[in-house]
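Colleague: can't give you the sequence, but here's the structure:
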């Protein structure tokens, strides 16, 4: 039986707070955690499958052109080599998030350096790797394709363009103006688990263990790639070793493993090398951004301009949504926002954690720091003065808004000095010490989702959905949600995730998993509660369940009388999506030290205060924020994809050359969860938290660099040479 | 040459293919998939195991080079029924998210605490001669070979600290 809820209005019934189990929101350890810390949690490549052959992808060494021939015979003579597969159905890029259809197929056409062109299959990994390396390929290369985003005529993304009032006029007459241009380098998701898949066929039925974030979309992408029906495919992703956007869409190894397994009549495993993950999955586009801010004497914005240029391959629909939160974060009646894309033959650009705000917010929030200095007011106060009452572009109310609280509570907890701020006020030996802050904002996303909840006759429960846990805490929060609603301890609830046989939801991405699938679990549990209430002859709203017992004294197991209650919850966001602007908000505060001789920046301490609706688990929510702040440090100081100007290939394609923060780069971090209930965000009143923690944090660090040493830098990341070059004498 | 390697106390025959890394031997040949492959180039630490008491990146060494050696993997440190103190502390402090770097972190931390106990200095040590102090900076420096992209470092340090302070 399916219970359905379409949410056209805010849900102010606040049922969850009326529940009696008292487990939702609690900082309980992850229920799957013991498997992870003991190494017994199986990731995609780790299933023991009899007779499994090993596949290694061979990739292109040209940028653009045609594969004329592949000398298969030479490698087929090598020990253990079974096949060289260059089936036209092979995909040559990963699908974008929520694509729902196959990405580019046909490995004979090369569009970027490092693109997969064939799969070599052998008995062992070592044999396949060696053969793939020796594969001789003849190409016809297309010369002179565009590689430099600055050197092509960009395409305007018209849906993003806003022209309201007269920004040029506002800039001309304003008491204070800022007109600055920032650049940000590309980023890599760099999830710790490289993409991998094991495919096996049983007749015409395909099962793939894969490392994917959004199975509901991935199954249709795979079906489309293989010309199959979804009912003949099963995708399993029980444990995913990090995603950060890189596993949103079906990727090359999944389709290659499936095709090879079919052709060879035996299971095939394909794992990407770290270099391949870097070069043929997704990059976050580099950006160029111009910020124009026009403010009155008091710092209130009368004009707001944000222009951004990103890049992608020809034909790709995704463009880094740089302006996403700029549309509503601050007021200013004269507005001009425009996003453009340059078509270049670098690898695919797509979603990397917090697409848009991850780079848009650092630019905007650094420009706000410049404005605060010009106006001569405290940086926190400047933000407080510019919080709009409603969306300044769309005449829409906010679903809820905690920016002011986050700014104030964060400032107090950090010990923010709101006095007159001058660079170089503090020195510790050869280090300049300073502080900086920034706002955080990240749009709230939610989508249709289904989940099945079974209240078992023995008084335990089962939650089934294709939702994934990519480290976010899904297993645990769904157990807490069901436990709260059904009056059960989380350890008596089995959460079965990551399997397309279960009811489907949108998966993990855009921070929407918890709110979407959590709402489906909520709807299912509510229906189960109605059934129990019926048995007791009371209204569901009068039913109190805790520790397996109703408040009236009946044990759940007795009420169930040997029968399970099964309900599928089906949640759809209705008009709430159109009637409100929904976003998580927050504030970052950082203290850094900058070496006056080397330009090296070290983050001494950092604090983030975040408001994102109901906190489902204080431990895992805090960890999401810690992760986001850690990424902020990478964006601010070290992370940068570098492309060869001659052929557009990604040069620093490994973890030695692409610098993600390491343990010693990350100081003690403090997280304040400014909890609220957002009734228009979801019926569980929760918003996304997976990305908010990195949306603006880099600017807090960069603003602190300025406060420390007086170096204003407009190019991310702030590497020692850039800091040194910008440091005043 | 005995062609035997001891893994978690169990003798195993070394592989025939000399190209097989210790990491692939553990994962592919004897089914100990708790040791993770993150980069295969010694850049991430996910494959950290303890060989004759010393932590190493198992991707950077060939299985054939470990004739007679004693290897301890995450499976040898504890089990779901009997987790080690560090495994428990990582769970309690949420010292992981996706869990993929976690076995390497825990193997690394286990051997790292022994290095401190043995008075090995690090870049963060104030004094190269005396015993290193168990500061946050020491732990961070010594754990910087183990990347965690989820960004659980703050919780990893807290977990290690708790165990180190208890046993001190």
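Modeller: Nice, I can see it. As the structure is a computational prediction, the values presented were derived from the model and not from experiment.

Colleague: which parts of chain B are strands?
Modeller: For chain B, strands defined by DSSP state E occupy the ranges B:4-7, B:10-13, B:48-51, B:54-57, B:70-72.

Colleague: and what of the stretch 351-500 of chain A?
Modeller: With DSSP state E, counting those that start in this stretch as the criterion, the stretch 351-500 of chain A has strands at A:427-428, A:431-443, A:449-455, A:461-464, A:493-496.

Colleague: ok and the residue in chain B nearest chain A?
Modeller: Residue nearest to chain A within chain B (C-beta to the nearest C-beta): residue B:34, separated by 2.1 Å. All C-beta spots, glycine's among them, are computed from the backbone N, C-alpha and C.

Colleague: next, the contact list for that residue, please.
Modeller: Shown in contact with residue B:34 (C-beta atoms under 8 Å, 6 or more residues apart in numbering or on different chains): A:38, A:39, A:40, B:73, B:74, B:75, B:103.

Colleague: buried members of these into ChimeraX, please.
Modeller: Per 16 or more other C-beta atoms under 10 Å in any protein chain shown, the buried members of the contacts of residue B:34 correspond to this ChimeraX selection:
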select /A:38,39 /B:73,74,75,103
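
Colleague: which two in the contacts of residue B:34 are spaced the farthest apart?
Modeller: Within these, A:40 and B:73 form the most distant pair, 11.6 Å apart (C-beta to C-beta).

Colleague: hmm, stretch A:458-474 in reach of chain B?
Modeller: Yes: Stretch A:458-474 comes into contact with chain B (C-beta under 8 Å from any C-beta of the partner chain), by way of A:470, A:471, A:472, A:473.

Colleague: most neighbours among those, which one?
Modeller: Most neighbours among the residues of stretch A:458-474 next to chain B, by other C-beta atoms under 10 Å in any protein chain shown: residue A:471, with 33 neighbours.

Colleague: thinking it is in contact with residue B:97, fair?
Modeller: Yes: using C-beta atoms under 8 Å, residue A:471 is in contact with residue B:97, at 3.2 Å.

Colleague: between those two, which contacts overlap?
Modeller: Jointly contacting residue A:471 and residue B:97 under the rule C-beta under 8 Å, 6+ apart are A:242, B:150.

Colleague: columns pLDDT on top of the residues of stretch A:458-474 next to chain B, output as CSV?
Modeller: Listed next are those as CSV, based on pLDDT from 0 to 100:
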residue, pLDDT
A:470, 98
A:471, 97
A:472, 97
A:473, 97
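
Colleague: farthest-apart pair in those residues, please.
Modeller: Of all pairs in those, the most separated under C-beta to C-beta is A:470 and A:473 at 9.7 Å.

Colleague: paired strands for the helix or strand hosting residue A:336, with orientation please.
Modeller: Residue A:336 is part of strand A:334-343 when elements are defined by DSSP states H and E. Take DSSP bridges as the rule and strand A:334-343 pairs in its sheet with strand A:155-156 (antiparallel), strand A:162-164 (antiparallel), strand A:301-312 (parallel).

Colleague: so which of the ones you listed comes closest to residue A:126?
Modeller: The stretch from the strands paired with strand A:334-343 with the least distance to residue A:126 (C-beta to C-beta) is strand A:301-312; that distance is 36.2 Å.

Colleague: can you pull the buried residues of the closest one?
Modeller: Buried residues in strand A:301-312, counted by 16+ other C-beta under 10 Å: A:301, A:302, A:303, A:304, A:305, A:306, A:307, A:308, A:309, A:310, A:311, A:312.

Colleague: to which secondary structure element is the residue in chain A positioned nearest to chain B assigned?
Modeller: The nearest approach of chain A to chain B comes at residue A:39, 2.1 Å away (C-beta to the nearest C-beta). Assigned by DSSP H and E, residue A:39 falls within no helix or strand.

Colleague: list the contacts of it.
Modeller: Taking C-beta under 8 Å, 6+ apart, one finds B:32, B:33, B:34, B:35, B:73, B:74, B:75, B:102, B:103 in contact with residue A:39.

Colleague: let me know the pLDDT of the fourth one.
Modeller: In this model, residue B:35 is scored at 98, pLDDT.

Colleague: burial count for it?
Modeller: By other C-beta under 10 Å, 25 other residues sit near residue B:35.

Colleague: show me the domain layout of chain B.
Modeller: In terms of domains, chain B is parsed into B:4-76, B:85-167 (source: automatic domain parsing).

Colleague: now do the helices in chain B.
Modeller: Counting by DSSP state H, chain B has helices at residues B:22-24, B:74-77, B:85-93, B:102-117, B:136-142, B:153-167.

Colleague: mind listing residues that contact the first one?
Modeller: Spelled out, that is helix B:22-24. A:125-126, B:35, B:37, B:40, B:47, B:49, B:51, B:57-59, B:61-63, B:65-66, B:71.

Colleague: just the buried members of those residues?
Modeller: Buried among the contacts of helix B:22-24 by 16+ other C-beta under 10 Å: A:125-126, B:35, B:37, B:40, B:47, B:49, B:51, B:57-59, B:61-63, B:66, B:71.

Colleague: so residue A:149 sits against residue A:311, correct?
Modeller: Yes: here residue A:149 reaches residue A:311: they are 3.9 Å apart, a contact under C-beta under 8 Å.

Colleague: tell me if stretch A:441-453 is near chain B.
Modeller: No: judged by C-beta under 8 Å from any C-beta, stretch A:441-453 makes no contact with chain B; its nearest approach is 16.0 Å.

Colleague: quick one: distance of that stretch to the chain centre.
Modeller: How far stretch A:441-453 lies from its chain's middle: 14 Å, per C-alpha atoms, centre = their mean, to the nearest Å.

Colleague: and it, how far apart are its ends?
Modeller: With C-alpha to C-alpha, to the nearest Å applied, stretch A:441-453 spans 34 Å between its terminal residues.

Colleague: picking that back up, list just the nearest of the contacts of residue A:39 to residue A:624.
Modeller: Residue A:624 has its nearest neighbour among these in residue B:102, at 16.5 Å by C-beta to C-beta.

Colleague: and the closest one, what does it touch?
Modeller: Taking C-beta under 8 Å, 6+ apart as the test, what residue B:102 contacts is A:36, A:37, A:39, B:90, B:95, B:96.

Colleague: for the closest residue to it other than its chain neighbours, give me phi and psi.
Modeller: Excluding the flanking residues, the one nearest residue B:102 by C-beta to C-beta, 6 or more residues apart in numbering or on different chains is residue B:96, at 4.2 Å. With angles defined as degrees, to the nearest 10, residue B:96 sits at phi -170, psi 160.

Colleague: my guess is residue B:96 meets residue A:36, correct?
Modeller: Yes: using C-beta under 8 Å, residue B:96 makes contact with residue A:36 at a distance of 5.9 Å.

Colleague: which one's more surrounded, the two?
Modeller: Taking other C-beta under 10 Å, residue B:96 and residue A:36 do not tie; residue A:36 has more neighbours (29 against 26).

Colleague: in which helix or strand would I find the more buried one?
Modeller: helix A:33-37.

Colleague: nearest to residue A:441, out of the contacts of residue B:34: which one, please.
Modeller: Nearest to residue A:441 among these is residue B:103, at 36.2 Å by C-beta to C-beta.
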